[in-house]
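Asker: Please work out how this folds:
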Amino acid sequence: MNQSSHVTANSGHLEISGPLDGCESNHGHAVFRAEIIAPFATGYTSSFYGELVMTVWMVRAGKHGEFEQKFLQDNKIYVTWDGLAVDIGKMTDRHQLFQAMTSTYPDAKIKAIHNNVSQVWPFAHGMELGDLVILPSKMQPSIYVGEIIGNYEFDPKAADPCFHSRSIKWIGEAIPRSNFGQDLLYSFGAFMTICRIQRNNAVARIEAMRANGWKPENLSSVFTAKHAPEALMSHKGTLDDATVGDSEAENTDIEAIASDQIARLIQAKFAGHSLTRLVDAILRAQGYTTYVSPEGADGGVDILAGCGPLGFGTPRLCVEVKSEAGPIDRPSVDKLLGAMTKFGAQEGLFVSRSGFRKNVQKELAPTFFKVRLWTQTELFEALFANYDNLDAEIRAELPLKRIWTLALQGDES
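Answerer: Numbering: from 1, shown residues only. Predicted coordinates:
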């Protein structure tokens, strides 16, 4: 929304008027009027539908996801810049943060400092209660969504780099990346650590998914996004805030985008029990001899695998493969442990396209030397490492080509 535009609330209606870039108008102005269906409050943005909705932020748990479990277990989000032990909440303008970061990171380039300020400043002065937070997982192909329920906090005694935090209410379990439209995933792939997500009507679409229990987006919501005026998507924040916008193509994680495209092809070509065929092909490429259970009740195991030409060698594996949309819970993994005893296998492998509930990895630590859990991430690593040795039939169904590109890194300091 143009800075000269204004929002008024009268007689149960919301009126937005003023010069709006990209909107048809008379004499350079446009007026939108809609019923107010939520309390008008600072921190909420006006959507194409006339509703008052919150801002959506993306926050990463470190460059490599190293703080992901801390974010989830603490029910908090943190600023993960090393050594930034200054109270940003007491600062009155961005220049003070610029000076603090220049002092903390004396070898950083001026452009990098400006970039960092644009990301860190909104954490203390832009985010508000009720805003949503997107946390792309580095551990599995999932997205965590949370609601901000706490104001900015500074703790100088906290372990570096977790001096700055906000309390979060995580909404349900991890959501498969495949449930989101490709254009939203493209925004989630931005290299920035903290930024606003607003392109392609992202706020309204994410709210619609929330109302629908985080089921995959439908075509109508994506179609609506293409026709929603960008100027109405947000009136909060400033041009200095880090936002996924028109320049996002220059700062996007190409590897993540390619991974999403491959995931969609696998979902189409190896749906349901067919994913077992792909896992079986990878195991045989690794040198295992396998037996694949027919589709239907399998007694807790989809594949039996043993080393050597006859499969009599060790290790001997029981493998369970799940392709459903939701993350796997602990009882499902316990069934695999029981099947290992039944079939006399020393080790087990559980493959879940949509990952596992956040408590599973922690609770299964005592079985580290017995069971491995593969999410889409580990499945892809095994696929890429053994692709050249896969059956020709599998490679024909899943045509991939190896490419080389520069390993660009997002600046944090």
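Asker: In contact with the closest residue in space to residue 101 that isn't next to it in sequence, which residues?
Answerer: For residue 101, the nearest residue in space outside its immediate sequence neighbours is residue 113; the separation is 5.2 Å by CB to CB, 6 or more residues apart in numbering. In this view, the C-beta of every residue, glycine as well, is placed from N, C-alpha and C. For residue 113, the contacting residues are 98, 101-102, 105, by CB atoms under 8 Å, 6 or more residues apart in numbering.
Asker: Out of these, name the two that are farthest from one another.
Answerer: Checked with CB to CB, the contacts of residue 113 reach their widest spread between 98 and 105, with 11.0 Å between them.
Asker: out of the contacts of residue 113, which is most surrounded?
Answerer: Note: the member of the contacts of residue 113 with the most neighbours is residue 101, at 22 neighbours, neighbours being other CB atoms under 10 Å.
Asker: Make sure that one is indeed in a strand.
Answerer: No - according to DSSP: H, G, I helix; E, B strand; the rest coil, the state of residue 101 is helix, so it is not within a strand.
Asker: is it true that it touches residue 116?
Answerer: Yes - at 5.7 Å, residue 101 and residue 116 qualify as touching, with contact defined as CB atoms under 8 Å.
Asker: Tell me how the chain divides into domains.
Answerer: In the domain annotation for the chain, the residue ranges read 6-54, 56-197+238-252, 270-397 (automatic domain parsing).
Asker: now these in JSON lines, with mean pLDDT?
Answerer: Below are these laid out as JSON lines (pLDDT from 0 to 100):
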{"stretch": "domain 6-54", "mean pLDDT": "41"}
{"stretch": "domain 56-197+238-252", "mean pLDDT": "90"}
{"stretch": "domain 270-397", "mean pLDDT": "91"}
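Asker: Relative to residue 259, which of these is closest?
Answerer: If we rank these by CB to CB, the stretch that ends up nearest is domain 270-397, at 6.5 Å.
Asker: what distance separates that closest one from the centre of its chain?
Answerer: Here domain 270-397 is found 24 Å from its chain centre; the criterion is CA atoms, centre = their mean, to the nearest Å.
Asker: Quickly find the element holding the residue nearest to residue 101.
Answerer: Assigning secondary structure by DSSP states H and E places residue 113 in helix 110-125.
Asker: immediately after that helix, which helix or strand?
Answerer: Sequence order places strand 132-136 as the next helix or strand after helix 110-125, per DSSP H and E.
Asker: about what we covered before: possible to save the domains of the chain as TSV with distance to residue 261?
Answerer: Putting those into TSV (distance: least, CB to CB, whole Å) gives the following:
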stretch	distance to residue 261
domain 6-54	28
domain 56-197+238-252	8
domain 270-397	12
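Asker: Assign a three-state SS to residue 57, would you?
Answerer: strand.
Asker: correct me, but it touches residue 131?
Answerer: Yes - if you go by CB under 8 Å, residue 57 and residue 131 touch, sitting 6.1 Å apart.
Asker: of these two, who's got more company?
Answerer: The residue with the greater number of neighbours, taking residue 57 and residue 131 and applying other CB under 10 Å, is residue 57; the counts read 27 against 23.
Asker: ok, the residue nearest to that one when sequence neighbours are not counted - contacts?
Answerer: When the adjacent residues along the chain are set aside, residue 57 lies closest to residue 133, with 5.2 Å between them (CB to CB, 6+ apart). Neighbour list for residue 133: 56-59, 77, 145-148, 168 [criterion: CB under 8 Å, 6+ apart].
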